[in-house]
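1. let me see the structure of the following:
(chains A, B, C and D)
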Number of protein chains: 2
Amino acid sequence: MKCPLNYTMGLIGTKWKPLILFHLLDGGLRSGILQRKIEGISNKMFTQTVRELEKDGLITRTIFPVVPPKVEYKLSKRGQSLESILRSLDKWGLQDSEINN
Amino acid sequence: MKCPLNYTMGLIGTKWKPLILFHLLDGGLRSGILQRKIEGISNKMFTQTVRELEKDGLITRTIFPVVPPKVEYKLSKRGQSLESILRSLDKWGLQDSEINN
DNA sequence: TAACTATATTACTTTTAAGTAAGTTATTGT
DNA sequence: ACAATAACTTACTTAAAAGTAATATAGTTA
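-> Residues are numbered from 1 along each chain as shown, chains lettered A, B, ... in the order given. Coordinates of the predicted model:
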């Protein structure tokens, strides 16, 4: 009895992916800015994670040919479709932590 | 800028937790039945995961003193509060996989 | 020409997650 | 007395995730 939830978790079921997607909800950000918003992430994991999100078509990556380089990440249409889920997860955390901590 | 989503992911951000919670949405199940619904999970991971969910107060564990043993898991109130999120994740997977596969 | 910038990549190590297979418990039916 | 049962538990191994630190790039400015 495989359920679609398996599929969803295969795409976004990691420590960092939902966080990165969440921080792009209000619009595209350049790489460094986005990375600084994700507290605790290492440089390696940041790059690795955004690459996977790009490969899976959840975000887009735009390179501006300037020096020093400028790279912007933003949600794709597919990534946008996770908006209400991401906001719900965040909201749940807020409410739950008020009750249980 | 820490966001509550971090907290949420700390509680349910693993491979198996959302699956287990999801399969309890329609009511409590005894251990063996629940485990058989989670395809691909090993015995060890099943026990380990339900124990963590119990420790975090997302599910309850009821032991019936019979032989052979009977143990029932069900969502706690706190676990129930994840219902709409879990169903949304499942629904998203269904819709997304229809589009992208 | 050397330092500075933003974005990444690589090699290496550590940590955590997960899997395998065998063993435990306590009673009931044979 | 011993096999069957459901629900674990344990020791051990393997695989995956994550961290650290050094390095690359290539124009710009001091």
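2. regarding the residue of chain A at minimum distance from DNA strand D, what is its secondary structure?
-> Nearest residue of chain A to DNA strand D, counting by CB to the nearest atom of the strand: A:Lys15, 3.3 Å away. (C-beta placed from N, C-alpha, C; glycine too.) The local conformation at A:Lys15, judged by DSSP: H, G, I helix; E, B strand; the rest coil, is coil.
3. would you mind listing what in chain A touches chain B?
-> Within reach of chain B by CB under 8 Å from any CB of the partner chain, chain A has these residues: A:1-9, A:11, A:13-15, A:18-19, A:22-23, A:37, A:39, A:57, A:78, A:81-82, A:84-86, A:88-97, A:99-100.
4. out of these, which are buried?
-> Neighbour-count burial (16 or more other CB atoms under 10 Å in any protein chain shown) applied to these gives A:3-9, A:11, A:13-14, A:18-19, A:22-23, A:37, A:78, A:82, A:85-86, A:88-90, A:92-93, A:96.
5. please flag which of those sit within helices.
-> Those of these mapping onto helices are A:4-9, A:11, A:18-19, A:22-23, A:37, A:78, A:85-86, A:88-90, A:92-93, A:96, per DSSP state H.
6. so where's chain A uncertain?
-> A:1 (pLDDT under 70).
7. now A:Thr60: phi and psi?
-> Per-residue torsions, A:Thr60: phi -110, psi 160 (degrees, to the nearest 10).
8. likewise the one 4 residues further on?
-> Here is the backbone geometry of A:Phe64 (degrees, to the nearest 10): phi -100, psi 120.
9. how about it, what does it touch?
-> Applying CB atoms under 8 Å, 6 or more residues apart in numbering or on different chains to A:Phe64 gives the contacts A:Lys70, A:Val71, A:Glu72.
10. most neighbours among these, please name it.
-> Using other CB atoms under 10 Å in any protein chain shown as the neighbour criterion, A:Glu72 leads the contacts of A:Phe64 with 16 neighbours.
11. am I right that that one sits in a strand?
-> Yes - under three-state DSSP, A:Glu72 sits within a strand.
12. so it is in contact with A:Arg30, correct?
-> Yes - taking contacts as CB atoms under 8 Å, A:Glu72 lies within contact range of A:Arg30: 5.0 Å.
13. indicate whether the strand or helix carrying A:Ile33 makes contact with DNA strand C.
-> Counting by DSSP states H and E, the element that carries A:Ile33 is helix A:31-37. Yes - on the criterion CB under 7 Å from any atom of the strand, helix A:31-37 is in touch with DNA strand C at A:Ser31, A:Gly32, A:Ile33, A:Gln35.
14. just the buried ones from those residues?
-> Buried among the residues of helix A:31-37 next to DNA strand C by 16+ other CB under 10 Å: A:Ser31, A:Gln35.
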